[in-house]
Every structure is written in C-alpha cells, then in structure tokens.
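1. fold the following and give me the result.
(one chain, ligands or ions: 2)
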Amino acid sequence: MSNSYKIAVLPGDGIGPEVCAEAVRVLQTISELFKHDFQFHHALCGGAAYTEHKNHLPQSTIDLVKQCDAVLFGSVGGPTDAQEDPKWKDAEKNCILGLRKNFNLAVNIRPAKIYSMLPDLSPLKPTIVQAGVDMVIVRELISGIYFGEHSTKDGVARDVMIYSEEEIRVPVKFAFETARNRSKRLTVVDKANVLDCSRLWRKVTKEVAASYPDVAFDFMYIDNAVMQLIKNPSQFDVIVTGNMFGDILSDAASVLPGSLGLMPSASLGEKIHLFEPIGGSAPDIAGKGIANPIAQILSGALLLRYSFKMEKEAALIEKAVNAVLESGLRTGDLTRDRSNVVGSKAMGDAIVHQIQTLY
Ligand code: ATP
Ligand code: MG
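-> Ligands and ions are numbered 1, 2, ... in the order given. Coordinates of the predicted model:
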C-alpha cells in the first residue's frame, strides 16, 4: 500500500474552520514525523457552501469526498435566532443526513471519557469520577425506527421499527472489534422485554460473539442503562445499541466529561468514514479564536485509527492531549479561572509541540 492518503477537510460553519485548522496542523505533524504523505483537500459545506452554491451539500463537495480516503468534518449550522435565513434553514440536516446517505455511514462511534486532571468539570459526584469513566458508545445510524414508515391517519400515528440481521451485524461486529482492542467488555443495550427487534439484536449478537471468545458481553435494558450511566459509569467499556437508544444514550454520555470541546466521534461507512466533534458550530463563540480544538484534534486521531489503521499515530495524539491537559493548559470551556486561559491556536501549538516531544 502506498503511504499517500487523501483527507477531505470539510470545516463547515461557526467554530468549524478554527478548530479544523488546528486538527490539520496536528495531522501534518504526524505525517512528517512518521513519513506518511497526508494530502488535505478542503471543500465547503453547510452555510458556507450555501453562500457560494445555494446548496448545503454541493455536488462538488460530494465528488471531492468520493476521491478521498477519509473525511475530517467540522460542524454546520448558524445561530438559533437566524434559522429562517435560507443560509441556515435545515443546514445541519441537509448536510449531515446527505453525507450519511451518500456514503452509507451506518455506524456511529462516540468515546466518552472523564479526564482525571479535570475532575471538577464533570457533573458527576467525585466518588464516581474517581472510579474512572472511559467508554465507547457504538450506535447503529441508518436504520431502525427513525427510518421506518411514519404516518398519521384518523388521529392515529404510526412509526415502524425495522431491523434486518445484516443491519444489526455491521454495528455489532464493529463493537466486538472495538472491545477486543480495549478492555474486552461489551454491553448490548436494548428493550428485549418488549421489542422483537431487540430479540433479533440478541440473536445476532450471540452469533457474532462466537468469533470473539476473548470478549465478555452482556445485555442491558435501555431504561436501566441510562440509570447506570449516571450512577455507575465505570462499569462500561464498549456499548452497542440501535439508532434511537443510541441517540439517547450518547447524548446522556456527552455531559459526563463536562465539555463538548473534548469529545470526538466517528461515523463509519462501507468505503469511507467521517470524523467530527460531537458539539455543534457553537455560534456563541465562533470567530473569536477561543474554541477548544481538542474534540476536532481527537477526531483526527480516530481518523488515523479507523480509516488508516494507524494505531500508534492515533495513540500518540491522544497521549499528547493528555500531557497538555496534565500540564494545566486550559481553553475557556475547561476552567472557571479566567486569568489562565488560552485560545484555539495556543492549545493547538502545545499539542503539536507535545507530539514532537513524545515521538
Ligand atoms: P448547534 O445547533 O450547532 O448544536 P448549539 O447552540 O447547540 O449549536 P453547540 O455547538 O452544540 O451549540 O454547543 C453547545 C455549547 O457548548 C455552547 O455554549 C458552545 O459554546 C459550547 N461548545 C461547543 N463546542 C465547544 C468547543 N469546541 N469549545 C468550547 N466550547 C464549546
Ligand atoms: Mg447543540
């Protein structure tokens, strides 16, 4: 395999361009140190694309992505009070759903972790934080009740949940693979006491599990899982679940670390995967150079791990982020101490420097 890799960079709107610039710098540093040839191809999406093309996801952007090996995505959308402006109306939906559909992004991966050097940031009790929280939620993304038939007739509404064995097998396999590379524990979250779909998830899970004898797995109902996530999150390593339960669970998990600015995600397709922070375009702080670039930088680490199988390189980025946080450097979302805050660029600089030091 050649060591040349094409990365599509779609910075989007709001803080997207500011934080993407830092993530690209980090990836460039990795490219130089490890002698990979990463090539970055920028394209417009969201409101930024609408201004030029009257389209939130122009064909030229789709075509560019098709020629690349992975996508680094920033964020899309405008201020809440400007949603009637066609530039912003449905920008997020048109762009994200369009990308999911075009590239069959069937599996969403969200790590949720509490950093031990940021214990006060989490809304959880110190005793719970001390037990350690470091999990990955794997969510099925393009099937289930969100994509079944919807109708309302004569005062009766219907939403249909459909899962085929194949639609279940894809995320479940990813989850077992992920668990194998971590603490080898997998929790399948469902509602098998009520839903046939959940019973099918259990059947498929048991079949897939046969190929992963080294991974321990169990089943948990969604209602209990949400409760356990708050009461005793250290019990979880990898969680896998369907579209709707994953939506609920991953949003609940997103508040555990205490800042959206720390949290990356991956959306995995057949041919290409997309990596983005879980937060939005943060219009309230956009253009000020103060957004935390860590979520975007860690999305770059996931890109190396999942798209290019560069585990060493991904782990180096994560280690550098840890070291920089350990050193006490803070963007505004990570501390209340206003006298000791740095901007996006200084945080990016520190992480680049740390990568060079640790290499
Ligand atoms: P959207 O509709 O695009 O999701 P939003 O108004 O919900 O927009 P988010 O982007 O989801 O905003 O962010 C929610 C809050 O978290 C905002 O106050 C935002 O400033 C903050 N936030 C999100 N990402 C970051 C970041 N990288 N650094 C600092 N603060 C952030
Ligand atoms: Mg939001």
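2. do you know the pLDDT at the closest residue to ligand 1 within the stretch 51-200 of the chain?
-> Nearest residue of the stretch 51-200 of the chain to ligand 1, counting by Cβ to the nearest ligand atom: Gly77, 3.9 Å away. C-beta: built from backbone N, CA, C; applies to glycine. The model reports Gly77 with a pLDDT of 96.
3. likewise for the one 10 residues further on?
-> The pLDDT attached to Lys87 in the predicted structure is 97.
4. and it, helix, strand or coil?
-> Secondary structure for Lys87, judged by DSSP: H, G, I helix; E, B strand; the rest coil, is coil.
5. just give the closest residue to the residue in the chain that ligand 1 sits nearest to, not the sequence neighbours.
-> Distances between the chain and ligand 1 by Cβ to the nearest ligand atom are smallest at Gly280, namely 2.2 Å. Nearest residue to Gly280, sequence neighbours excluded (Cβ to Cβ, 6 or more residues apart in numbering): Ser75, at 5.3 Å.
6. again, but for Lys319
-> Nearest to Lys319 is Leu358, by Cβ to Cβ, 6+ apart, at 5.9 Å.
7. could you list every residue that touches that neighbour?
-> When contacts are counted by Cβ atoms under 8 Å, 6 or more residues apart in numbering, Leu358 touches 316, 319-320, 323.
8. before we move on, what about Asp223?
-> Counting by Cβ under 8 Å, 6+ apart, Asp223 touches Lys191.
9. mind checking which helix or strand it is in?
-> Element membership of Asp223 [criterion: DSSP states H and E] is helix 222-231.
10. how far out from the middle of the chain is that helix?
-> Its chain's C-alpha centre and that of helix 222-231 lie 21 Å apart, by Cα atoms, centre = their mean, to the nearest Å.
11. also stretch 201-220?
-> Distance, centroid of stretch 201-220 to centroid of chain: 24 Å (Cα atoms, centre = their mean).
12. longest helix in this structure, by number of residues?
-> Across the chain, the longest stretch assigned as helix under DSSP state H is helix 16-33.
13. for stretch 51-60, how far is the first residue from the last?
-> 14 Å (Cα to Cα, to the nearest Å).
14. no wait, stretch 278-292
-> Start-to-end span of stretch 278-292 (Cα to Cα) is 13 Å.
15. how about that stretch, which residues are buried there?
-> For stretch 278-292, a neighbour-count test (16 or more other Cβ atoms under 10 Å) marks 278-283, 285-286, 290-292 as buried.
16. the nearest residue to Arg338 once chain neighbours are set aside and Met347, how far apart?
-> Spatial nearest neighbour of Arg338, excluding adjacent residues (Cβ to Cβ, 6+ apart): Gly332 at 7.9 Å. For Gly332, the distance to Met347 equals 10 Å [Cβ to Cβ, to the nearest Å].
17. same check on Leu10?
-> 21 Å.
18. likewise for Glu92?
-> Using Cβ to Cβ, we find Glu92 at a distance of 25 Å from Met347.
19. show me where the stretch 101-250 of the chain has its helices.
-> 126-130, 165-180, 196-209, 222-231, 243-254 (DSSP state H, counting those that start in this stretch).
20. using JSON lines, lay out those helices together with mean pLDDT.
-> Listed next are the helices of the stretch 101-250 of the chain as JSON lines, based on pLDDT from 0 to 100:
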{"stretch": "helix 126-130", "mean pLDDT": "93"}
{"stretch": "helix 165-180", "mean pLDDT": "96"}
{"stretch": "helix 196-209", "mean pLDDT": "98"}
{"stretch": "helix 222-231", "mean pLDDT": "97"}
{"stretch": "helix 243-254", "mean pLDDT": "94"}
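21. can I get those in TSV including distance to ligand 1?
-> As requested, the helices of the stretch 101-250 of the chain are exported to TSV (distance: least, Cβ to the nearest ligand atom, whole Å):
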stretch	distance to ligand 1
helix 126-130	20
helix 165-180	24
helix 196-209	29
helix 222-231	20
helix 243-254	9
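22. looking at these, spot the one closest to Asp69.
-> When the helices of the stretch 101-250 of the chain are compared by Cβ to Cβ, helix 165-180 sits nearest Asp69, at 18.4 Å.
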